[in-house]
Every structure is written in structure tokens, then in C-alpha cells.
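Chemist: here's a sequence, model it:
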Amino acid sequence: MDPVLSPTNSYVPRTENYRTDLRYALYAIERMAHNRYKALLWVVNNQQTENQYIQQVRLKMSFPKLNQGSSYIVIKLLTSLLLFCTTLFGADAIGAQPTTEAEKIIISGASGQLGSLVVKELLARGVAPARLILVSRTPETLKEYAVQGASVRFGDFTKPESLPAAYAGGSRMLLISINSGGGQRPELHKQAIDAAVAAGVRHIAYTSFVNMDNNPSPLAADHRRSEEYLKASGAAWTMLRNHLYMDILLNQAREMSASGQAAIALDETPMGYVTRGDCASAAAAVLIAPGHENKVYDITGPELISRKELAETITAITGRQISLTSATQGAGGSGGFRLSGDYLKITSAAVADLTGRPATTLREFLEANRDKWMPQ
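Modeler: Residues are numbered from 1 along each chain as shown. Presented below is the predicted three-dimensional model:
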């Protein structure tokens, strides 16, 4: 499992006591090292021995201008410092919140498109299947994980009586927001949140919508109420504010590739589309590592994308020029840029910060999905 924690941006220098000063000093070291040393906290939370940890991460971390031997020394010194501080002052001296292998992780909506990717990501990161509680309205679709040792359970937000048993025994939970609800989506989310807290869940990560503080869309209103319910629940929370999925660009890419043309509206808003895979990786990172409690992350792609960038990327991949034409305001392909506004004109480094790798670019996404848009 790759031990990567997100950067903690809430630390501020203060002088009330030695623990706060120590916490800030370690954070300063982390930032000066371009966030490369943040993984060292993992050794404290997982109680690995120093040598085991060094062996595991030595080749995963880059140190500019240092050779392998020097890198080993740097890791050893910093790890020794963390272990010494933890022994002397306790884990809370550096803000660590211990997790154990016995903690069970609930994925609510495990059989959906995003949920299934999160399950695969957790397993790929070394989480034992026995630690997973997979909740779905269609648990029969998750048999492959039950065979591996995961607990597969039925749970339906519209049937609140099913939720206590579904969430029993879990400590951390990913609450994937539902697409239905007939205007009652926040209340359905609240039923799930209340059931989880009553069952003993201590930390809930919720998949919300991007840039909620400045987002006037009706979709955001539902998510805002759901976030408020979660914050008031008493459980620790993490808001994963996902941008629009890059998948919706595939239909437009198919149209452009087939016709050789792209209509561009002058008022089009470029957006930070993100892949489901990146959203899943970010969610998995939050579920398996401490330090994300009561934090908000805008999960976006690494670049702003409009129909112009989409057409240019298709041309770069295929070698076939896509001609650009003017379109009326608000026009778009059948894939739709239905939502628009500057509140969607946003990108962040959250995927890279949480997962340790860059978010997927448009070109990488189109290259990986050629069969879904390229004429045969």
C-alpha cells in the first residue's frame, strides 16, 4: 500500500506550548520538501518498524540533487525524528490519529460506477477484503468480493430499516451521493448519515459537488443541505467535492471525430472535468489514511477544458484536423455542456495531493478510451 497523506494546510505557527511548535516545525519540513515527506506520518499511524518503512518508501520518494544513499539517510533521519517525537510526546504531538487494521470501511453504493472503482482502488492499495463492508441495493452484483472475504450487504436509503444492519461494525464510510430522490435527496442522505452514526461510524466521507461555496446551481443546493446534515451529525466528515465527470465528453468527441467539425459558443465555460478513476483514487486515499477529518477537497482534473480544447486534442491524437465554427450562445454537442458559469471554471491539485500522482489529462483520457469515440 502506498503511504500517502494529503498536505495539511491548517497548521499555523503558534507558541502556546511545545506540542504546537513541534507540529508546525514538522509541517514546515514537509512543505519545504515539496510535500514528499508527508508519507512519514504513515509509519506512526500504522506502527511499522523504522527499517520496514524505509524499505517500503525509499524508492517511492524523489529527493532532488541527492543520490540513493543520501536519500536513505534523509528518510532515516526524518523517520527517527518522528518516531522520537511520538515516543516522547505521544502521537498527538504531530497531529496523528492512529488507525488500525481492524477498522472496517463501508462503501455505500459499492455496485455503482464510482463505488466499484473505489472498491478496486482500496484492494489495489492493499486493504484486506475482510475490512470492507460493501453496501448496495443490488448486493448480488458484488459476489466476487464476497468470495474474497468482503462483507456484502443490502442497504437502501428509501428503506431506512435496512440501514442499521448494513452499516453495523463499520468505522469509516464513503457515502456516495445518490442521483435519485425526487427532491428528497438531502433527506435520504440524512437517513443514511443518522443510521451510520448510530451504528458507530466515526468518519464519513461524502461525494459532493465542486466549488460549493460559490455554486448557485440547483444541483449544488441539494449537496449543500446534505453537507450541512453531515456536519451536524457529530461524526468527523470529509467533503469530496467532485467536478463533472470527463466521461460526458466522449459523446462530443465521437461527434467531432465523425463530422470533422466543432461548433464553439462564445459564452462557453471551460471546466475542470475529472475522471471517475481519479475521484475513486482520491476517495480511497481519504478512507485509508488519517488527517482528512473535517476537511474539504475540490476534486478536479488538472486543466480547464472547453470544446475548443477537446477539438484540438482530437486533432493531436488522430492527425485529422477538426474545423471550428461559431455557434449560438449556449450551444453544445449532445454530450452537453449543460451546466455553465464561472463557478465551474476551477481546477485544484487535490487529486495529486491525496493520491501522490497527477490527475488524468484530457489527452490521457481520450487515449485510454479510443474505442468509445474514435470511428472504427
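Chemist: tell me the contacts of residue 162?
Modeler: 154, 155, 156 (C-beta atoms under 8 Å, 6 or more residues apart in numbering). Where C-beta positions appear, they are placed from N, C-alpha and C, glycine not excepted.
Chemist: in TSV, list the residues you listed along with neighbour count and pLDDT.
Modeler: Conversion of the contacts of residue 162 to TSV gives the following (neighbours: other C-beta atoms under 10 Å; pLDDT from 0 to 100):
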residue	neighbour count	pLDDT
154	15	98
155	24	97
156	17	96
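Chemist: wait, which of those is closest to residue 237?
Modeler: The shortest approach to residue 237 among those belongs to residue 155, at 19.4 Å (C-beta to C-beta).
Chemist: that closest one is in contact with residue 137, isn't it?
Modeler: Yes: using C-beta atoms under 8 Å as the test, residue 155 is close enough to residue 137 to be in contact (7.2 Å).
Chemist: and the helix or strand hosting residue 220, what does it pack onto?
Modeler: With elements delineated by DSSP states H and E, residue 220 resides in helix 218-231, which encompasses its position. Here helix 218-231 touches helix 185-198, strand 203-209, strand 236-242, going by 3 or more C-beta pairs under 8 Å, 6 or more residues apart in numbering; DSSP states H and E.
Chemist: now it: buried residues?
Modeler: Neighbour-count burial for helix 218-231, counted by 16 or more other C-beta atoms under 10 Å, picks out 220, 222, 223, 224, 226, 227, 229, 230.
Chemist: can you redo the residues you listed as TSV with pLDDT and distance to residue 141?
Modeler: Output for the buried residues of helix 218-231, formatted as TSV (pLDDT from 0 to 100; distance: C-beta to C-beta, whole Å):
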residue	pLDDT	distance to residue 141
220	88	30
222	92	26
223	94	26
224	94	31
226	96	25
227	97	29
229	97	28
230	98	27
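Chemist: residue 244: which of these is nearest?
Modeler: So of those, ranked by how close each gets to residue 244 (C-beta to C-beta), first place is residue 220, at 12.1 Å.
Chemist: not counting its neighbours along the chain, what's nearest that closest one?
Modeler: Closest residue to residue 220 in three dimensions, ignoring its sequence neighbours and counting by C-beta to C-beta, 6 or more residues apart in numbering: residue 209, at 5.2 Å.
Chemist: my guess is the one you found contacts residue 242. True?
Modeler: Yes: taking C-beta under 8 Å as the definition, residue 209 is a contact partner of residue 242 at 6.9 Å.
Chemist: re earlier: list the ones among the contacts of residue 162 that fall in helices.
Modeler: Residues from those lying in helices, with DSSP state H as the criterion: none.
Chemist: which of those residues lies closest to residue 324?
Modeler: Distance to residue 324, by C-beta to C-beta, is smallest for residue 156 among the contacts of residue 162, at 47.2 Å.
Chemist: could you dump the helices and strands packed on helix 218-231 into JSON lines and include distance to residue 123, mean neighbour count and mean pLDDT?
Modeler: Rendered in JSON lines, the data for these read as follows (distance: least, C-beta to C-beta, whole Å; neighbours: other C-beta atoms under 10 Å; pLDDT from 0 to 100):
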{"stretch": "helix 185-198", "distance to residue 123": "22", "mean neighbour count": "20", "mean pLDDT": "97"}
{"stretch": "strand 203-209", "distance to residue 123": "18", "mean neighbour count": "25", "mean pLDDT": "97"}
{"stretch": "strand 236-242", "distance to residue 123": "19", "mean neighbour count": "23", "mean pLDDT": "98"}
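Chemist: looking at the ones you listed, spot the one closest to residue 322.
Modeler: Taking C-beta to C-beta as the measure, the helices and strands packed on helix 218-231 were each checked against residue 322, and strand 236-242 came out nearest at 28.4 Å.
Chemist: just checking, what packs against the closest one?
Modeler: Packing contacts for strand 236-242, counted by 3+ C-beta pairs under 8 Å, 6+ apart, involve strand 203-209, helix 218-231, helix 276-288, strand 295-299.
Chemist: and these: which comes nearest residue 145?
Modeler: Taking C-beta to C-beta as the criterion, residue 145 comes closest to helix 276-288 out of these, the separation being 14.6 Å.
Chemist: next, the angle from the closest one to strand 295-299.
Modeler: Orientation note: helix 276-288 sits at an angle of 160 degrees relative to strand 295-299 (axes from the mean of the first three to the mean of the last three C-alpha atoms, to 10 degrees).
Chemist: pull the CA atoms of helix 276-288 into CSV?
Modeler: Coordinates of each C-alpha in helix 276-288 appear next as CSV, following Å, rounded to 0.1, in the frame of the first residue of the first chain:
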residue,chain,number,x,y,z
ARG,A,276,-14.2,8.8,-12.2
GLY,A,277,-11.0,6.9,-11.7
ASP,A,278,-9.3,9.9,-10.1
CYS,A,279,-12.4,10.5,-7.9
ALA,A,280,-12.1,6.9,-6.8
SER,A,281,-8.4,7.2,-6.0
ALA,A,282,-9.0,10.3,-4.0
ALA,A,283,-11.8,8.8,-2.0
ALA,A,284,-9.7,5.7,-1.3
ALA,A,285,-6.8,7.8,-0.1
VAL,A,286,-9.1,9.6,2.3
LEU,A,287,-10.6,6.4,3.7
ILE,A,288,-7.3,4.6,4.5
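Chemist: and for that helix, what's in contact with it?
Modeler: 1, 4, 6, 99, 105, 113-114, 117-118, 120-122, 125, 127, 172, 174, 205, 207, 238, 240, 242, 245-247, 292, 297, 299, 301, 350-351, 354-355, 357, 359-360.
Chemist: which SS state does residue 375 fall under?
Modeler: Following DSSP: H, G, I helix; E, B strand; the rest coil, we place residue 375 in the coil state.
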